[in-house]
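**Q** Need a 3D model of the following:
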Amino acid sequence: MFARITEHLLTLRIMSCLDEGKGSRENNSALIILLSNVNVRGVRGGNFQVKFDGPKLEPITLNVTHAETISAPPESFKSTFPHILDGVASKSLFPQKSPSALQMALD
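**A** Got it, this is the predicted structure:
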């Protein structure tokens, strides 16, 4: 269930990037940054891509490990990674620090 929710949220964010119209699908800056933020975390070996069937976005499928990697806050990693929405969404839309209860549960 967690993987399906992550797939849905990622699809919504991708569609939002496309709807904002920051360039064509191939050079949409927000989409490029989002995919870079996912790939730097090593999802699908750093080869995560979104595919289109004409104008339609093909369904995104993730396993649980990839869903957890995408959803995890940056402080959960030993390496320094950007927040998954860093450079993609307004900072007012996502917290820079996880709530303390969530951080304790993740630890």
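**Q** OK, contacts around residue 30?
**A** By CB atoms under 8 Å, 6 or more residues apart in numbering, the contact list for residue 30 reads 17, 20, 22, 87-88. Quick note: C-beta positions are derived from backbone N, CA and C, even for glycine.
**Q** can you pull out the helices in this protein?
**A** Assigned by DSSP state H, the chain shows helices spanning 2-19, 29-40, 64-71, 100-106.
**Q** What about residue 104, how many residues nearby?
**A** Neighbourhood size, residue 104 [other CB atoms under 10 Å]: 9.
**Q** Can you give me the distance of it to residue 81?
**A** 20 Å (CB to CB, to the nearest Å).
**Q** that older thread, now mean pLDDT and distance to residue 51 too, for the helices of the chain, in TSV please.
**A** Shown next, in TSV, are these (pLDDT from 0 to 100; distance: least, CB to CB, whole Å):
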stretch	mean pLDDT	distance to residue 51
helix 2-19	90	11
helix 29-40	90	12
helix 64-71	92	16
helix 100-106	71	31
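**Q** Mind putting these into TSV with distance to residue 46?
**A** Below are those laid out as TSV (distance: least, CB to CB, whole Å):
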stretch	distance to residue 46
helix 2-19	16
helix 29-40	5
helix 64-71	11
helix 100-106	23
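**Q** Among these, which comes closest to residue 55?
**A** Evaluated over these, closeness to residue 55 peaks at helix 2-19, with 9.6 Å, by CB to CB.
**Q** Quick check, residue 15 in contact with residue 57.
**A** Yes - counting by CB atoms under 8 Å, residue 15 touches residue 57, with 6.8 Å between them.
**Q** Quick check: residue 60 vs residue 79, distance?
**A** 24 Å.
**Q** What is the burial count for residue 28?
**A** Residue 28: 18 surrounding residues under other CB under 10 Å.
**Q** one step back: pLDDT-wise, what's the bottom of the contacts of residue 30?
**A** Lowest in pLDDT among those is residue 22, which has 56.
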